[in-house]
Every structure is written in structure tokens, then in C-alpha cells.
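Participant: Here is the input, now give the coordinates:
(one chain, ligands or ions: 1)
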Amino acid sequence: MIAYLLALTLGAAQPSQASQTGATAAVPTQAAGAWLVSDVTVIPADTDEVLPHRSVLIRDGRIVRILAPGAKAKVRGATVIDGRGKYLVPGFVDAHVHIATEGAIRDSKNPAIAALELGQAHEYDRQVMLAFLKAGVTGAANLGGGARSDEDLLWLREEIAAGRIAGPQLYVGKRINGPRAAVAPQPAAAVPASKPDAPTTAADGAAAVRQARERGYDFIKPYQFLNRQTYRAVVEEARRQGMITTGHLPELGCASCADRDFAFAHPMDNIAHSEELTRFARIGSDLSPRDLEALADAVAERKIAVTPTLVTLKTIVGMYVQRAVPPVPGDWAMRVDPVTRLDWTPPANRYLSQAFRDQDGADTFSAGYDFARVLTRQLWKRGVPLTVGTDASLPGLVFGVSVQQEMIELREIGLRPIEVLRAASINAHRLFDPQAGSGAVREGGRANLVLLDADPLADIHNVAKIAGVFAQGRWLPMAEIDRRLEAGRAFEQGLSRQIQAHPADH
Ligand SMILES: [Zn+2]
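Facilitator: Take a look at the predicted model:
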């Protein structure tokens with residue numbers, strides 16, 4: 001159902017004061033700072049190992065040393081963080097988000113939103129980036145949005161990497177899609193001419209990939225209205241350009257569509273929703289459990305990875321069943337900014353519309369979620385690499401905390417907690433950024449880390465108990481993240497007042 005229904009909505013921290021155990025002398029502090037997390041339990045996550053009583057030295061954005069119990073570190077200038085009773089794990093990655101930046105606001109079709117006064121300090125985007133960190137999310141893959149929003153993200157990616165804005169490492173994807181008419185059951189006559197931004201020929205599909213590469217995008221999201229030859233050309237050109245593909249499976253049931261065999265003969269690196277596979281299991285308006293096994297086998301044989309996005313389906317089904325946006329965890333409702341809040345509210349929230357309820361197949365929505373859970377479990381049993389993705393900020397899914405919700409979804413279908421951590425970190429790094437290392441808590445690795453107050457292997461819900469994060473090698477204790485978010489509240493309240501001043505416009 002996601003295939004049809006998903007909206008295309010489109011500084012260095014001050015080190016904390018901590019106990020001064022173990023730190024003595026010798027290494028000068030670099031610009032990005034140096035920290036020693038002392039006497040902490042390390043969960044590297046690339047294996048099932050648990051390493052108690054380690055001291056972890058972080059400097060220049062890297063994990064420099066992981067010291068065995070009792071070893072004395074010479075770490076002049078390093079700020080010591082007391083790790084006793086705490087757990088150091090890889091930072092989480094949301095493998096499927098749609099970040100609407102200030103550029104998306106300026107491009108809004110709603111004139112009252114487009115006219116919002118945002119100021120010059122990028123406060124809107126900064127708040128969104130901080131929300132990710134508050135949830136331990138130190139990486140996020142954006143699966144395409146509007147042109148101006150994408151441009152903002154390419155810029156933000158560099159600001160974050162340089163440490164000028166605190167946020168997750170961004171992987172910016174370019175969505176390539178054809179016109180819907182190109183895959184309509186009634187063919188030919190009505191199909192518009194091919195264009196690079198809506199290709200219907202292999203040449204234009206390949207050109208779109210090359211353009212995305214030149215512009216600096218990290219990966220390609222093929223989308224489902226690409227016809228047969230264009231879909232294949234996009235997938236193949238991306239591979240030639242060294243860009244991974246994660247997206248939707250092509251439409252079925254038209255002369256120019258890539259059918260199921262064709263799609264698996266020319267596979268993407270990653271399928272962006274388990275629901276995409278469910279769509280391929282539909283026979284007429286029904287779901288066939290027999291096809292579930294065959295689909296899982298096909299994915300495993302072709303070595304395709306999958307981002308199940310179970311929480312996304314759960315949330316959509318929740319809106320369908322309850323006719324309301326499901327509550328978000330804890331006090332995360334505060335992190336839904338006024339512009340996003342509007343998108344979550346009728347009439348902008350199409351999941352709460354009558355048209356949504358009236359569409360064909362609506363009576364299989366709930367079964368589709370069950371099907372996706374069983375299918376994802378079968379994928380996991382076959383060793384298919386799974387990642388944690390959420391489709392935030394789709395209504396009901398808040399940037400950051402939705403990652404923790406999806407981790408719980410994966411735990412509930414049977415993954416062990418360490419496998420959930422791996423899906424949320426190692427598997428995402430392997431998919432989006434394999435050159436940069438495994439993402440594990442290992443010497444030499446990038447310091448994108450979460451310090452937890454409780455053991456995530458004892459209970460995956462403990463991934464929400466965060467003492468602080470290392471983002472791009474900089475330590476941000478939770479109190480500092482909260483302080484910065486709070487400092488942005490006045491800006492958000494200003495946006496609310498502006499929106500309320502134009503009630504007729506939305
Ligand atoms: Zn999406």
C-alpha cells in the first residue's frame with residue numbers, strides 16, 4: 001500500500017564536566033576535541049561481543065583507542081566521561097526519511113506556508129537535526145524530496161560534516177521517477193515526452209543518474225512509475241556510477257511495466273519498504289501467503305537488502321483503523337514543528353481522508369501489515385540484511401524517535417537485540433557508506449556513537465535511555481541537546497503565531 005499511498009511530502013559542543021578517572025597525559029586536544037569514556041561497556045555490534053570495563057578514547061572524530069580494563073591511558077586534554085553502568089553502541093541510522101527543509105517550506109503550494117518568515121539562521125533545519133541526535137540517530141538517508149529541499153540537504157550535509165551544524169551524517173538520495181502515464185494499463189498515446197526529470201527512455205534515465213552524481217547526491221531512489229527500459233537503465237547506470245539504489249519496485253500490469261521477473265533480473269541494491277514486496281504478492285485484490293516464501297527466496301537469492309519500514313505501515317494502518325494520528329512516544333509530540341503539524345492534520349493528511357478510505361484494497365490494509373511482518377521475518381531468517389527506516393515525517397512518525405519505534409518492531413518479529421542494533425547501524429553503513437568503515441565501535445572507526453544508561457541487549461526499549469551522543473566525533477550530552485532544542489522553542493512558537501494569523505489559508 002505504501003507504493004500507492006505514501007505522500008511524497010516532500011558547532012562543537014561544550015564538553016561535559018565529568019569525573020576525572022584515568023586521564024593523565026600526552027595527547028594534545030584537537031579542534032574537534034578529545035574525550036575518554038571511562039569504564040564503559042562497549043557493544044561493537046559487528047559481532048555478538050560485549051566488552052565490559054573498557055575506556056574509549058575519541059579524538060578528531062575517530063575512535064582512537066579502546067583500552068582493556070585497568071590499562072592506563074595518557075590522554076592530556078581529554079574530557080573524561082564517566083561510563084560506569086553505561087553502554088556505548090554505534091549511533092543509529094534512519095535508512096528512510098523525507099526531510100522537508102526550509103526550502104520545502106518556501107516551495108509549499110500553500111501560500112501562507114511559503115510566506116512564513118524563517119529568518120537567516122537556519123533555525124528550522126537546526127531543530128530537525130537536533131531531534132535526530134536526541135534519539136541517538138547519527139545518520140539519516142533522505143529518499144528524495146522537492147528540488148529546493150534536496151539542494152538544502154546537500155548543503156546541510158556539508159555543514160554537519162564540517163561541524164558547523166550539529167546533526168546526523170546525511171546521505172542524500174535523488175528520486176528518479178517517470179510519469180504515471182508511462183505505466184498506465186492503457187498504453188502509449190497519452191505518455192508525455194521523456195524528460196530528464198521524468199524519463200521514459202533508457203537514455204534519459206541514465207542521464208538523470210549522471211546528473212544526480214554530478215550534483216553530489218549520494219545514492220539513487222528508483223521510483224515505481226519508471227517503465228521497463230528506463231527502470232533497468234537507472235539501476236544499471238547507478239551501478240556504473242558507483243551509486244547504490246534503494247527504492248520502490250516497478251509497477252506491474254502494463255505492457256511497458258517491468259514485471260516481477262524483470263525486476264529481480266535487474267535488482268536494486270535495497271528495497272525501500274517490505275510493503276513493496278507485498279505489492280508484488282498481490283493476486284487481484286488478495287494477498288497470497290504462498291507467494292510470501294517465493295518472494296523471500298527471490299530477495300535472498302539476488303542478495304538484495306531490505307528496509308522493512310514496519311512502523312510506517314503500522315502507523316498508516318493505525319490512521320485507517322483509528323481515524324486519527326497515533327500518539328507519539330513520550331514527550332516527542334513537542335518535536336513536531338508547526339509546519340509538520342499542519343501536514344499531519346486534515347485536509348493535508350490524506351491518510352485521514354475519505355478518498356484514502358474509499359480506494360481499492362482498503363480492506364487489506366491491516367492484513368498487509370501482518371503480511372509485511374511475516375515476510376520480514378522470513379527475510380531475516382534467510383540472512384537478508386535489514387536496515388531501520390521509518391519514512392518520517394509521515395503523519396505519526398517524528399524524526400528521531402521513530403527509529404527507536406522501528407527497532408522495537410524488528411525486535412517484536414524475532415530479531416535478537418544485537419541484531420536490531422546491527423540493523424540500525426552496521427547494515428546501514430554497509431549500504432550507504434561502505435568506504436567509511438563498518439560503523440562498529442572499533443578502533444579507527446568514526447565516532448558516531450550513543451552512550452546509553454541501560455543495557456539494550458537486556459531490553460531493546462533501553463535504546464531510548466540516552467546519556468548523550470557523539471555526532472561527527474563531538475560529544476553532546478543529553479542536557480546540552482535539550483538545552484539547544486529548548487532555545488529553539490521561541491522560533492517554533494513564532495512560526496505557530498504566523499500560521500495562526502492566517503487561519504483561512506489552510
Ligand atoms: Zn519514503
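
Participant: In the stretch 51-200 of the chain, which residue sits nearest the ion?
Facilitator: Nearest residue of the stretch 51-200 of the chain to the ion, counting by Cβ to the ion: residue 143, 4.8 Å away. Just so you know, the C-beta spots here come from the backbone N, C-alpha and C atoms, and that holds for glycine as well.

Participant: Stretch 354-371: how far from the chain's middle?
Facilitator: Put simply, stretch 354-371 sits 25 Å off its chain's centre (Cα atoms, centre = their mean, to the nearest Å).

Participant: next one: stretch 115-133
Facilitator: How far stretch 115-133 lies from its chain's middle: 18 Å, per Cα atoms, centre = their mean.

Participant: Can you give me the end-to-end span of that stretch?
Facilitator: 29 Å (Cα to Cα, to the nearest Å).

Participant: Rounded mean pLDDT for it, please.
Facilitator: Average pLDDT, stretch 115-133: 96.

Participant: Give me every residue in this protein lying close to the ion.
Facilitator: Counting by Cβ under 5 Å from the ion, the chain comes close to the ion at 143, 391.

Participant: So the chain: which segments form each domain?
Facilitator: 2-11+91-436, 34-90+444-489 (automatic domain parsing).

Participant: which SS class is the residue nearest to residue 165 when sequence neighbours are not counted?
Facilitator: Nearest non-adjacent residue to residue 165, counting by Cβ to Cβ, 6 or more residues apart in numbering: residue 159, 4.3 Å away. Of the three states, residue 159 takes helix under DSSP: H, G, I helix; E, B strand; the rest coil.

Participant: Go through stretch 178-188 and flag the buried ones.
Facilitator: 178-179, 181-184 (16 or more other Cβ atoms under 10 Å).

Participant: Centroid-nearest residue for this structure?
Facilitator: Central residue of the chain (Cα atoms, centre = their mean): residue 94, 2.6 Å from the mean position.

Participant: Tell me if that one really is in a strand.
Facilitator: Yes. Checked against three-state DSSP, residue 94 lies within a strand.

Participant: these two touch, right, it and residue 403?
Facilitator: Yes. Residue 94 lies in contact with residue 403 (Cβ atoms under 8 Å); the separation is 4.9 Å.

Participant: Identify the contacts common to the two.
Facilitator: Shared contacts of residue 94 and residue 403 (Cβ atoms under 8 Å, 6 or more residues apart in numbering): 137, 388, 390.

Participant: and the residue in the stretch 351-500 of the chain that the ion sits nearest to, how many neighbours?
Facilitator: For the stretch 351-500 of the chain and the ion, the shortest gap (Cβ to the ion) falls at residue 391, measuring 4.5 Å. Using other Cβ atoms under 10 Å, residue 391 has 27 other residues around it.

Participant: Apart from its chain neighbours, what residue comes closest to residue 326?
Facilitator: residue 318 (4.2 Å).

Participant: list the helices and strands the one helix or strand residue 480 maps to packs on?
Facilitator: Secondary structure assignment for residue 480, by DSSP states H and E: helix 478-487. When contacts are defined as 3 or more Cβ pairs under 8 Å, 6 or more residues apart in numbering; DSSP states H and E, helix 478-487 sits against helix 123-134, strand 466-471.

Participant: Model confidence at the residue of the stretch 201-350 of the chain found nearest the ion, what's the number?
Facilitator: Residue of the stretch 201-350 of the chain nearest the ion, by Cβ to the ion: residue 272 (6.3 Å). pLDDT for residue 272: 97.

Participant: related to what we said a few turns ago, which of the three states applies to the residue nearest to residue 326?
Facilitator: Residue 318 ends up helix, using three-state DSSP.

Participant: Do I have it right that it meets residue 396?
Facilitator: Yes. With contact defined as Cβ under 8 Å, residue 318 reaches residue 396; the gap is 6.8 Å.

Participant: Touching both of those two, which residues are there?
Facilitator: residue 326.

Participant: These two: which is more packed in?
Facilitator: A count of neighbours by other Cβ under 10 Å puts residue 396 above the other of residue 318 and residue 396, at 25 against 20.

Participant: Identify the residue nearest that one in space, chain neighbours excluded?
Facilitator: Closest to residue 396 by Cβ to Cβ, 6+ apart is residue 315, at 4.1 Å.

Participant: just to revisit the earlier point, just after the helix holding residue 480, pick out the following helix or strand.
Facilitator: Taking DSSP H and E, what comes next after helix 478-487 is helix 489-500.

Participant: quick one, that following helix and helix 123-134 angle?
Facilitator: 130 degrees (axes from the mean of the first three to the mean of the last three Cα atoms, to 10 degrees).

Participant: got the residue ranges for the strands in the stretch 201-350 of the chain?
Facilitator: For the stretch 201-350 of the chain, the strands defined by DSSP state E, counting those that start in this stretch cover 219-222, 244-247, 270-271, 282-283, 286-287, 305-306.

Participant: re earlier: what sits against the residue nearest to the residue of the stretch 351-500 of the chain closest to the ion when sequence neighbours are not counted?
Facilitator: Nearest-residue entry for residue 391: residue 312, 4.2 Å, with adjacent residues in sequence omitted and distances by Cβ to Cβ, 6+ apart. When contacts are counted by Cβ under 8 Å, 6+ apart, residue 312 touches 2, 6, 96, 273, 275, 389-391, 394, 397.

Participant: and the two most separated of the residues you listed?
Facilitator: Farthest pair in these (Cβ to Cβ) is 275 and 397. Separation: 14.4 Å.

Participant: Spit out the contact partners of the residue of the stretch 201-350 of the chain closest to the ion.
Facilitator: Counted by Cβ under 8 Å, 6+ apart, residue 272 has contacts 96, 143, 221, 246-248, 307, 309, 389.

Participant: give me the number of residues near residue 265?
Facilitator: If you count neighbours by other Cβ under 10 Å, residue 265 ends up with 11.

Participant: One more: residue 283?
Facilitator: For residue 283, using other Cβ under 10 Å, the count is 9.

Participant: And the domains of the chain: which comes nearest residue 498?
Facilitator: Closest among the domains of the chain, using Cβ to Cβ: domain 2-11+91-436, at 5.5 Å.

Participant: Tell me where the stretch 1-150 of the chain has strands.
Facilitator: Using DSSP E, counting those that start in this stretch, the strands of the stretch 1-150 of the chain run over 34-42, 51-59, 62-67, 79-82, 87-90, 92-97, 137-142.

Participant: What lies in contact with the fifth one?
Facilitator: Pointing back at strand 87-90 there. 37, 40-45, 54, 56, 421, 424-426, 439-441, 448-456, 462-463.

Participant: Mind checking which of the residues you listed are in helices?
Facilitator: Counting by DSSP state H, the contacts of strand 87-90 place 421, 424, 426 in helices.

Participant: Can you point out the buried residues in the longest helix along the chain?
Facilitator: The residue-count maximum for a helix in the chain (DSSP H) belongs to helix 365-381. Going by neighbour count (16+ other Cβ under 10 Å), the buried part of helix 365-381 is 365, 368-369, 371-380.

Participant: do stretch 79-87 as well
Facilitator: In stretch 79-87, counting by 16+ other Cβ under 10 Å, buried: 79-83, 86-87.
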